[in-house]
Structure formats: structure tokens, C-alpha cells
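**Student:** Pasted the sequence and its predicted model underneath.
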Amino acid sequence: MGLRFTILLSLISTLSFSQTNADSLYQVIKPKLIKNGQLLLALPVEHQRDSAAALFLEDLLTLVKVEEAMEFNYAPIRNLSVQRSDDEKVCILTYLIPRAGGRYTHVGILMYEDEEDEYHSVQLTDNSMNAEYRPLKPSSWHGGLYYDLIQKKVEGRAVYFLLGYRAVNPNVHEKFVDVLDLSNDRVQFGLPVFYIEEFNDRVFRQAPYRLRMQYSGRITAVLRWSDDYDGIVMDHVSPPDASQKGLYLNYGPDFSYDGLKWKDEMWHLESEINFQNDTQTPPAGQNVPTGLSPARPRTNGGR
């Protein structure tokens, strides 16, 4: 009994010491993240923003080395979007860096626990080439600012659907649904679970690995989870006339809505659904033109 008690006491002391160190690290790094997170958006010259962004990423990568980073309160760091899964095994941080000419760099960090409950952190590198039909690694991530995370099961395992915004270029913006699959000791983005033949004037020869809705950078569009619909709802965007089909810089909402319903472990597209949009989509901001629709209040949570 005495030996067991000593081992238990030692374990509690070790965990407490680890927690104290993690909290101390957070308190030291947090003010620097707040400062440089604001500067990488607001500084007028690109090389100045790049310097602030480099310091911001360096501090963020230091912070996520500790497992406790999964639960930190990121709310004071206003340029970060933070999404956590229902099973508390995934936390994803994403943000944007403004570039000259109205372009943006998308940056992400994934924190997760594997099947053995071991903690990992992975930097996500925006290097996607519009891969509709293949999975992507963290080094070829389809970058974006995530604003919601929806957990489902495929073949008995948890998969995580990510709703995101991406500034494709100054004229075309995008809302998208991507998939995070952590099975078989891998990190994979994309899964062919979209039972869709045509969407956004694209015809799919097979099930795509992710779904993208592109539209004019001058407007905003809805793509969000709806509890009332029990699925994902989105504006139906289209060109002003048939001659401009495929010119997404001219696409905009036509006042009808489409939906994605989860059935038989696939997303199925439903056209012209009945949906009352009683929320206001915020206008594009000067520094971070997200145009995000209100989502479930999960961002920036934590202790």
C-alpha cells in the first residue's frame, strides 16, 4: 500500500509540474502572439507584415509543442480561428497573412491525439493545386480559414469535416468543405464521400475528395451548418447569364439555397431546399475578408 501511494503521489506531482510549466509557457507567449497577430494584419508594408508573421508562427509552433495547447484559451489572439472536435481529439488553428495586390497566404497548425492517445502537432503548408480527386498531406494542404468542424463516422471511425474560407485571388473567393482523416496513423485531408454529380458548374466524373464553392470576391456567400436543416446549407451561386459560365469572378447568390445531407456515410446534394436565412453575413473586412456566415460558437474556446 505504501509503495502504491508513493507512486501515485509522484505521478500527481509530475502532472501538476507539467501543467504549471505549460501554463507558464502560455502566459509568456500569449502577449507576443496578440501583438504580432495584430501587426501581421495591420502593418502597411508587406516585408513588415512578413517579419511579424514569422515571429507569430515561431511562437505558435513553440506553444503547440505541449499537449496542453489543445485546451489553451486563444480568444485574446484575435486573428486566429480555432476549431475543436466533439471528441476532444482534434484542434486546428488557422489564420491569414495579407499580401500585396489583395492576395493572402493561408497558414494552419493541426493538433491531435492518435489512436493510442498520443499527442501530435503538425504545421499545414498551403500548397494545393485544386486537387478534386486525391487526398492531400499536410505539406500540400488546401489552405483556408476554418470556421466550423463537423464530426461524423465513416466505417466506424471518426472523420472531421471542415468548413472553410479561402481567398483564391483578389477576384475570386471560396467556401469549401474538406475532410480530415486520421486513421491508420496518418494525417490526410480529403475523402471521396461526396455523392454529387455536379456543383458550382463543375461536373464530377467521380466522387470528389472535397467540395468547393467559388464566387465573386466582391460579395459574400453562405455555407454553414444548420441545426434546423440538420445539414450544411449554402447559397446557390451562379453567373448573371449563361455566357459567363465558369467565370467565377462574376458568380453570386441567386436567392435560392442548396443543402448537403449526411446519409449512408456520404454527403448528398439537395437542390432548392427550403431555408430561411435569418442571419446576416458580415461584409468582407479590410484586413481579413472572410465573409463568414455565423457558425456554431466554438471558435477560440478553451481554458
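**Tutor:** Sure thing, it's come through.
**Student:** so how far is residue 51 from the residue nearest to residue 66 when sequence neighbours are not counted?
**Tutor:** For residue 66, ignoring the flanking residues on the chain, the nearest one in space by CB to CB, 6 or more residues apart in numbering is residue 22 at 4.6 Å. For glycine as for every other residue, the C-beta is placed from the backbone atoms N, C-alpha and C. For residue 22, the distance to residue 51 equals 28 Å [CB to CB, to the nearest Å].
**Student:** So the two - more neighbours on which side?
**Tutor:** residue 22 (18 against 15; other CB atoms under 10 Å).
**Student:** Is the more buried one in a helix, a strand, or coil?
**Tutor:** Secondary structure of residue 22, reduced to three states by DSSP: H, G, I helix; E, B strand; the rest coil: helix.
**Student:** all helices for the protein, in order.
**Tutor:** Along the chain, the stretches classed as helices by DSSP state H are 2-42, 46-63.
**Student:** Could you tell me the least trusted of those helices?
**Tutor:** Lowest mean pLDDT within those: helix 2-42, at a mean of 73.
**Student:** related to what we said a few turns ago, would you mind confirming that the residue nearest to residue 66 makes contact with residue 71?
**Tutor:** No - Residue 22 sits out of contact with residue 71 when judged by CB atoms under 8 Å, with a separation of 9.3 Å.
**Student:** picking up where we left off before, distance check, the residue nearest to residue 66 against residue 67.
**Tutor:** The spacing between residue 22 and residue 67, counted by CB to CB, is 8 Å.
**Student:** Need the overlap of contacts for these two.
**Tutor:** In terms of CB atoms under 8 Å, 6 or more residues apart in numbering, residue 22 and residue 67 are not both contacted by any residue.
**Student:** so what's residue 21 up against?
**Tutor:** Here residue 21 is in contact with residue 66 (criterion: CB under 8 Å, 6+ apart).
**Student:** give me that answer again for 10 Å
**Tutor:** Listed by CB atoms under 10 Å, 6 or more residues apart in numbering, the contact set of residue 21 reads 66, 68.
**Student:** how close does it get to residue 60?
**Tutor:** Using CB to CB, one gets 18 Å for the distance from residue 21 to residue 60.
**Student:** and what of residue 246?
**Tutor:** 38 Å.
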